[in-house]
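Undergrad: fold the following, please.
(3 chains)
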Amino acid sequence: MVISPDLENLPYIMIKGVKYFELVAEPVERELLPGLWIRGWGYNGSIPGPTIQVYPGDYVNIRVYNALPEGTSVHWHGLDIPNNMDGVPEIQPTPLIRPKCYFDYHFKITNPPGTHMYHTHHNVAKQEMLGLAGGFIILDPSSPAVDRDYFIMLQEFAVKDLPMGILKPGSYEVGPLNDDLQFFTMNGRCFPATSPLPVMFGERIRIRLANPAMKEHPIHLHGHQFIVTAADGNGIFECARMKKNTIAVSSGETWDIEFEADNPGNWSFHCHIPHHSANNMTKEMGGMLTVVQYCQSRPK
Amino acid sequence: MVISPDLENLPYIMIKGVKYFELVAEPVERELLPGLWIRGWGYNGSIPGPTIQVYPGDYVNIRVYNALPEGTSVHWHGLDIPNNMDGVPEIQPTPLIRPKCYFDYHFKITNPPGTHMYHTHHNVAKQEMLGLAGGFIILDPSSPAVDRDYFIMLQEFAVKDLPMGILKPGSYEVGPLNDDLQFFTMNGRCFPATSPLPVMFGERIRIRLANPAMKEHPIHLHGHQFIVTAADGNGIFECARMKKNTIAVSSGETWDIEFEADNPGNWSFHCHIPHHSANNMTKEMGGMLTVVQYCQSRPK
Amino acid sequence: MVISPDLENLPYIMIKGVKYFELVAEPVERELLPGLWIRGWGYNGSIPGPTIQVYPGDYVNIRVYNALPEGTSVHWHGLDIPNNMDGVPEIQPTPLIRPKCYFDYHFKITNPPGTHMYHTHHNVAKQEMLGLAGGFIILDPSSPAVDRDYFIMLQEFAVKDLPMGILKPGSYEVGPLNDDLQFFTMNGRCFPATSPLPVMFGERIRIRLANPAMKEHPIHLHGHQFIVTAADGNGIFECARMKKNTIAVSSGETWDIEFEADNPGNWSFHCHIPHHSANNMTKEMGGMLTVVQYCQSRPK
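TA: Numbers count the residues shown, from 1 in each chain, chains lettered A, B, ... in the order given. Alright, predicted model coming up:
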């Protein structure tokens, strides 16, 4: 299983060979930092939404309820599925889901194992920047190639009524059309509220990064080099894999990286853009940053 | 031949083994959306300029007339040509073309087949952001490897006197030094005014992307994965080609991608940055977005 | 040796097999353009700091004095060193160096030859954007693969009290939290104050690019294609090396490129973003731009 720190996995029930999932697109309050909440839009009470995990060949039915005050749709970003399930109502025979309505997206997983996303594809300038996105992972049914496997979604938020340079507890409405971004999140949390990524010495670690938002985020790992193993859910040929310590993740991209846990300690893993590793331009380390944390005993 | 939707190809006449082209750098009004025009600078009445297509080994003479109110030059971006034809008058023995004057750029095509650009290289912060750029393609004289071959230039524009959030027909002067970009174009059009890219089931499709402007644009294809086959006009070794569904195109870069048309429908092909797939931050889908459109009968 | 135009190399003394270096983090005035100075923070009187050059297997001790008015630390970006030397005091057993204090970072170089950086890792939104960064190069002890080997650090600065569009001699305080960047530098200079990169016909040239700052800078070379040979200090497999003419360097990344000097002249080498090859949005060519300059006789 892939672990998405600070997020739930989306449960399903299996009926006659089909995996049934349910997503509710709805207004969500998310606690980015202790006592500091944003009021945006998400799925099932979460920004980003819960992570969906399936296997190649699965038949899935994902019922999407719209509890938003305007129409929405879901695009299964990176999946090669039929046109009428792709979620772009302006140009495809796929519905705009009106408020209080639902639609059953149903398709077979034909892509190989890999890291993908789901997100709104209606009024995206507003809806995506309010938070309507989540992870969609196609698991590898063969024995795992890694010891730990993490998923992290990168997002950014501008909020109303909180000037730059100030961190004050409260609940702030997201301003989705504002380009002066203030909060930079991993799975909907800012450091130091991001849960660390526990590892044990000698393990092989995979981290899957996904970006549904505005900015390119070059994510830097301290103390290790990693191998870039997959791009947008597609494996990279062994001979073409780059060894790096910083991977630039642009909007719409997913990248999988892998490394050996061979250097004990607490290691920063963060967006290298200086203003993105702070919270609303304040002094303390924050933002899109988490810690790869070596544990003595097996983490749960 | 490569097709540049919504653009002309630049014609030439052949005299004694030399291909003669003519470009006029001039103020241009371009209709981005029905009834919504920008007043910028382009070539031969077009923003971006007409696409130049040549073959390896060609001798070309490109006469550039300057009908602008200030000096200009043309840089043949990506071409390995002599220094005095490279178009950077500040540091090279290549002229600044003054208003009402012209210069004959003449050189042999020594690069292999690939995707390049031409654009101003004088007062670039202003002139490039007014629109002075176009495609320069070196065709492959051997039998075509693909069934359809498209070229798309990515640009952005800020305009004066049209506040964010409003779409009103009219003709607006481009503000080239303004970083609050409002319109995101493919070949000088915003969706829904972009012409679709017709394909037929079973065909192999190439799309060539070129970015002469400010922002990185990660272009996402729905319903398919593509192979990244060339970088800045240079083929990528087969074993190093990545399979992706989103390709980040930075300023100065060109990327060629190829895919099999194996999933019928209408498929969005667009910059994934949420604010870039809208027109001036309005609600409807727009901006740097076009449609890969499966046709039943052979498109012309 | 690697040449860092417009920068010094950091000297060392060898005592009992250990190379001792000294860095002083301090307020620095740097002349970006003739008569135009910025007041930021740097190391040893320089923005960026002097370049550190070592060999694999070296034992180094780098004493960092803090002559700043607030605490700081140094992160050895890209190096696989022990956790207590990594310079992130918020999460590691590594000190915050208080004003008027120092710390001895000491470690063995275990990475292979490659291009890395050092920079502050405290209050980074402010300190990194004031200029606290420098190059860290691990040299190849075997015979050199190239004839000339250059290092260029890319930075950006916003300043106070100088409106966009004006270039006036003076000394300006850097505004590190301002996103409206005005000056784009290579090794702390803007064109035309950047020292050119001399080459001779027939030579093989390497340029190492490093970005510790905010923006992605796609660096374009005129008149040549180059091979991308290393990423973040790690060699790229021969079969995976791309030929390009523009390399996008994101924050936290380093890239090494190599090319044959086979096309004489003066060739622009610059960030392709239009607003970044100008000085504070003025008309003349400027900013993050230098010249690859073919020399008749051997440059010193």
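Undergrad: what about the residue in the stretch 1-150 of chain A positioned nearest to chain C, neighbour count?
TA: Nearest residue of the stretch 1-150 of chain A to chain C: residue A:33, at 14.6 Å (Cβ to the nearest Cβ). All C-beta atoms are positioned from the backbone trio N, CA, C, and that covers glycine. Neighbour count of residue A:33, defined by other Cβ atoms under 10 Å in any protein chain shown: 21.
Undergrad: and the next helix or strand past the biggest strand by length in chain A?
TA: Of all the segments of type strand in chain A, defined by DSSP state E, the longest one is strand A:18-33. As assigned by DSSP states H and E, the chain's next helix or strand after strand A:18-33 is strand A:36-43.
Undergrad: so does that next one get close to chain B?
TA: No - Strand A:36-43 is not in contact with chain B by Cβ under 8 Å from any Cβ of the partner chain; minimum separation 12.8 Å.
Undergrad: how close does the residue of the stretch 1-150 of chain A closest to chain C get to residue B:74?
TA: Distance, residue A:33 to residue B:74, by Cβ to Cβ, to the nearest Å: 52 Å.
Undergrad: relative orientation of the longest strand of chain A and strand A:36-43 in degrees?
TA: If you take axes from the mean of the first three to the mean of the last three Cα atoms, to 10 degrees, strand A:18-33 sits at 160 degrees to strand A:36-43.
Undergrad: stretch A:111-131 spans what distance, first to last residue?
TA: Distance across stretch A:111-131, first residue to last, is 26 Å (Cα to Cα, to the nearest Å).
Undergrad: list the buried ones in it?
TA: With burial defined by 16 or more other Cβ atoms under 10 Å in any protein chain shown, the residues of stretch A:111-131 counted as buried are A:111, A:113-131.
Undergrad: flag every residue of chain A that's near chain C.
TA: By Cβ under 8 Å from any Cβ, the residues of chain A that approach chain C are A:164-165, A:180, A:192, A:216, A:218, A:220, A:222-225, A:239-246, A:248, A:263-268, A:272-275, A:277-278, A:281, A:283-285, A:291.
Undergrad: at 6 Å what do you get?
TA: With the criterion set to Cβ under 6 Å from any Cβ of the partner chain, chain A comes near chain C through A:216, A:218, A:220, A:222-223, A:225, A:239-240, A:242-246, A:248, A:263, A:265-266, A:268, A:272-275, A:277-278, A:281, A:283, A:285, A:291.
Undergrad: of these, buried ones?
TA: Buried among these (16+ other Cβ under 10 Å): A:216, A:218, A:220, A:222-223, A:225, A:240, A:242-246, A:248, A:263, A:265-266, A:268, A:272-275, A:277-278, A:281, A:283, A:285, A:291.
Undergrad: so what's the residue count around the residue of the stretch 151-300 of chain A found nearest chain B?
TA: The minimum distance from the stretch 151-300 of chain A to chain B, using Cβ to the nearest Cβ, falls at residue A:252 (2.9 Å). Residue A:252: 29 surrounding residues under other Cβ under 10 Å.
Undergrad: what's the answer for residue A:154, then?
TA: 25.
Undergrad: pretty sure it is touching residue A:216, no?
TA: No - if you go by Cβ atoms under 6 Å, residue A:154 and residue A:216 don't touch, sitting 9.7 Å apart.
Undergrad: quick one on the thing from earlier: intersect the residues of chain A next to chain C with the contacts of chain B.
TA: Among the residues of chain A next to chain C, proximity to chain B is found for A:216, A:239-240 (Cβ under 6 Å from any Cβ).
Undergrad: closest one to residue C:82 out of those, please.
TA: Using Cβ to Cβ, residue A:216 comes nearest to residue C:82 of those, at 31.0 Å.
Undergrad: surely that closest one meets residue A:251?
TA: No - with contact defined as Cβ under 6 Å, residue A:216 does not reach residue A:251; the gap is 7.3 Å.
Undergrad: still on that earlier bit, just checking, which of the residues of chain A next to chain C belong to strands?
TA: Among the residues of chain A next to chain C, the members falling in strands (DSSP E) are A:218, A:220, A:243-244, A:246, A:248, A:266, A:268, A:291.
Undergrad: would you check which pair of those residues lies furthest apart?
TA: Among these, the pair separated by the greatest distance (Cβ to Cβ) is A:248 and A:266, at 24.0 Å.
Undergrad: what is the neighbour count of residue A:12?
TA: By the measure other Cβ under 10 Å, the count of residues near residue A:12 is 18.
Undergrad: how much space between it and residue A:69?
TA: As judged by Cβ to Cβ, residue A:12 and residue A:69 stand 28 Å apart.
Undergrad: swap in residue A:161?
TA: 20 Å.
Undergrad: how many residues are close by residue A:147?
TA: Residue A:147, neighbours per other Cβ under 10 Å, totals 14.
Undergrad: thought residue A:206 was touching it, still the case?
TA: No - with contacts counted by Cβ under 6 Å, residue A:147 stays clear of residue A:206, the gap being 8.7 Å.
Undergrad: need the residues of chain A near chain B, please.
TA: Checking chain A against chain B by Cβ under 6 Å from any Cβ, the hits are A:78, A:80, A:83, A:86, A:88, A:90-92, A:123-125, A:128-129, A:177, A:214, A:216, A:231-232, A:234, A:236-237, A:239-240, A:250-253.
Undergrad: now residue A:10: how far from residue C:42?
TA: Applying Cβ to Cβ, the value for residue A:10 to residue C:42 is 50 Å.
Undergrad: low-confidence ranges in the stretch 151-300 of chain A?
TA: Low-confidence segments of the stretch 151-300 of chain A (pLDDT under 70): A:299-300.
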